[in-house]
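Visitor: let me see the structure of the following:
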Amino acid sequence: MPAQGPLTFYTYLYHIRPILNRRKRLCHMSFDEKFAREHWKMTTAMVVSCAVVVIAAIYVFLWRVANAQAVGLVPTVLGEWTVGYCITFILHAIFWEIVLVGSWTILITIAIYPWYRKLVKKGRKKRPRRKRDNGDAFSFFIWLIWLAVVWTAGKWNLAFQSWTFNDWIYTWLYALLWGFLIVGIPGLMYLVWWISGGKKKKR
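Guide: Below is the predicted model:
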């Protein structure tokens with residue numbers, strides 16, 4: 001009988017306490033965090049799908065940039081652009097993005113949404129969402145990268161009227177790609193570590 005005290009403490013310390021701590025962490029997690037950890041395969045598939053959609057959208061946009069100049073829809077030199085050219089190009093780009101990218105993206109979203117909605121109803125509790133104002137900081141970060149791209153490309157002192165439309169598009173595209181690489185690679189590594197850490201703790 002005297003051994004029951006130490007045995008009970010040992011059981012609590014090495015068996016019961018980790019379970020209680022894990023439940024406590026799960027209670028403090030948001031629904032999105034729980035969803036990512038419990039359905040890590042689906043989360044990985046969603047991340048890969050989003051990456052495919054972004055890459056497809058970029059390719060379609062660059063195709064429209066080249067095609068619009070080839071057929072004379074917009075001028076090649078940036079100094080010849082007008083408001084009419086801007087509106088025309090934006091409308092054409094939106095149309096082709098919807099036709100070539102948005103069409104199948106919407107179908108996939110419609111197919112997945114009912115399953116995701118069932119999980120939301122089961123696991124989500126009504127909690128006030130935390131406000132995240134990171135958009136301005138990321139935009140400023142991309143703008144700084146764009147300045148670096150312009151400087152390295154030798155266009156720092158080039159007048160905007162002498163820029164070509166391709167110069168304007170590709171400098172911003174390179175800035176976006178570098179920004180997503182700088183932010184995305186560490187974020188992806190953290191996501192993999194976080195999900196794998198959750199799987200190990202379950203075992």
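
Visitor: run a quick neighbour tally on Thr43.
Guide: 16 (other Cβ atoms under 10 Å). Using the backbone N, CA and C atoms, a C-beta is placed for each residue, glycine as well.

Visitor: Val74 too?
Guide: Number of residues near Val74 (other Cβ under 10 Å) recorded here: 21.

Visitor: that one looks like it's in a helix, true?
Guide: No - going by DSSP: H, G, I helix; E, B strand; the rest coil, the assignment for Val74 is coil, not a helix.

Visitor: didn't it look like it was pressed against Tyr85?
Guide: Yes - in this structure, Val74 is within contact of Tyr85 by Cβ atoms under 8 Å, at 4.9 Å.

Visitor: quick check: neighbours shared by those two?
Guide: Between them, Val74 and Tyr85 share no contacting residue under Cβ atoms under 8 Å, 6 or more residues apart in numbering.

Visitor: let me see the ranges of the helices in the chain.
Guide: Per DSSP state H, the chain carries helices over the ranges 4-11, 17-28, 31-38, 40-70, 83-97, 103-123, 135-152, 165-202.

Visitor: could you check the angle helix 135-152 makes with the last one?
Guide: Here helix 165-202 runs at 130 degrees with respect to helix 135-152, directions being taken by axes from the mean of the first three to the mean of the last three Cα atoms, to 10 degrees.

Visitor: what helices and strands are in contact with helix 165-202?
Guide: Applying 3 or more Cβ pairs under 8 Å, 6 or more residues apart in numbering; DSSP states H and E, one finds that helix 165-202 contacts helix 31-38, helix 40-70, helix 135-152.

Visitor: quick check: which of the ones you listed is buried the most?
Guide: Most buried of the helices and strands packed on helix 165-202, by mean neighbour count (mean count of other Cβ atoms under 10 Å): helix 31-38, with a mean of 16.

Visitor: give me the mean pLDDT for that helix.
Guide: The pLDDT scores in helix 31-38 average 58.

Visitor: domain ranges for this protein?
Guide: Here the domain parsing of the chain from automatic domain parsing is 6-38, 39-124, 134-203.

Visitor: where among these is average confidence lowest?
Guide: Lowest mean pLDDT of the domains of the chain: domain 6-38, a mean of 53.
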